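Q: generate a structure from the sequence data that follows.
(chains A and B)
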Amino acid sequence: AQSVTQPDIHITVSEGASLELRCNYSYGATPYLFWYVQSPGQGLQLLLKYFSGDTLVQGIKGFEAEFKRSQSSFNLRKPSVHWSDAAEYFCAVGPINDYKLSFGAGTTVTVRA
Amino acid sequence: NAGVTQTPKFQVLKTGQSMTLQCAQDMNHEYMSWYRQDPGMGLRLIHYSVGAGITDQGEVPNGYNVSRSTTEDFPLRLLSAAPSQTSVYFCASSSARDLNTEAFFGQGTRLTVV
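A: This is a model prediction of the structure:
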C-alpha cells in the first residue's frame, strides 16, 4: 500500500527566509510524486511533479523538490519565501498511469513579516 | 476553459437528508475522482472513475454513491447524510492518455451536516 508522511504540521518562516517542507513516502514500485498547494478557500494547485529522470525538479512559483530514493523522500524547497506563499502544502504519491493518489496530512506554512 | 467545476460551494444538511454534489470537467479527461479533506488527514479518496460507465471505490466509500453516465460529469451522492460526513469535498480529473500529466482539482464543496 502507498502512504505519505509529512512530519511537520505547521511551519512559521520569516519573509525572505528559506523554506523546506519534508515528505516521506512508502510505495513498492516506482512512485509518481507531487506537491500541491492550497491557498485559503481554494482548490489544490500543482506545484511540481516527479515522474522519472533528473531527481531535482523545478516547479512554479520558485519551488523545487528533490527525489531521494534511498531516503524515500521528496522534500520541497524555496530559497526565499514571499508572504503569498502562506498556504497549506500537500505531498502526494501515486502509481504511474493510475490517479488514485495518496496524500499526506499537509503542512501549513505561515509567513511573518 | 473552465477546468473542473464543482457545485455548490457551500451546503448545510440535516442528518438523514440526501443531496448530490456536482462535478463537471470540460477537458475530456477519462479519470475523475472524489476526495474528502479533513483536518490533519489530508485528502482521502472516496470513489473514482476511469471512464464513462465505470466507477470503483476508493479508501473511504461508505455512505457515498457515484455514477458516470458521461465523460464530463461525475456526481457524488449522499443518500442519508451523517455528521461524520461534514468535510470539504474535492473533485479531480486527469487524462489517461499522457503518463506525465497531472490531476486538476475543483474549488471544493464545504459540507456541514447538523
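Q: how about the residues of chain A by chain B?
A: A:4, A:6, A:9, A:34, A:36, A:42-46, A:49, A:51, A:90, A:92, A:96-97, A:99-106 (Cβ under 8 Å from any Cβ of the partner chain). Just so you know, the C-beta spots here come from the backbone N, C-alpha and C atoms, and that holds for glycine as well.
Q: give me the beta-bridge partners of B:Arg110?
A: B:Phe10, B:Val88 (DSSP bridges).
Q: and it, what pLDDT?
A: According to the prediction, B:Arg110 has pLDDT 95.
Q: any idea where the helices of chain A begin and end?
A: Assigned by DSSP state H, the helices in chain A number zero.
Q: let me see the contact set for the closest residue to B:Ile54 other than its chain neighbours.
A: Closest residue to B:Ile54 in three dimensions, ignoring its sequence neighbours and counting by Cβ to Cβ, 6 or more residues apart in numbering or on different chains: B:Arg68, at 6.6 Å. For B:Arg68, the contacting residues are B:Met32, B:Ser49, B:Gly51, B:Ala52, B:Gly53, B:Ile54, B:Thr55, B:Phe74, by Cβ atoms under 8 Å, 6 or more residues apart in numbering or on different chains.
Q: between these, which is nearest chain A?
A: Nearest to chain A among these, counting by Cβ to the nearest Cβ, is B:Met32 at 9.0 Å.
Q: now the contacts of B:Arg68: which count as buried?
A: Buried residues within the contacts of B:Arg68, counting neighbours by 16 or more other Cβ atoms under 10 Å in any protein chain shown: B:Met32, B:Ser49, B:Ala52, B:Thr55, B:Phe74.
Q: the fourth one and B:Pro61 touch, don't they?
A: No. Applying Cβ atoms under 8 Å, one finds B:Thr55 not in contact with B:Pro61, separated by 9.8 Å.
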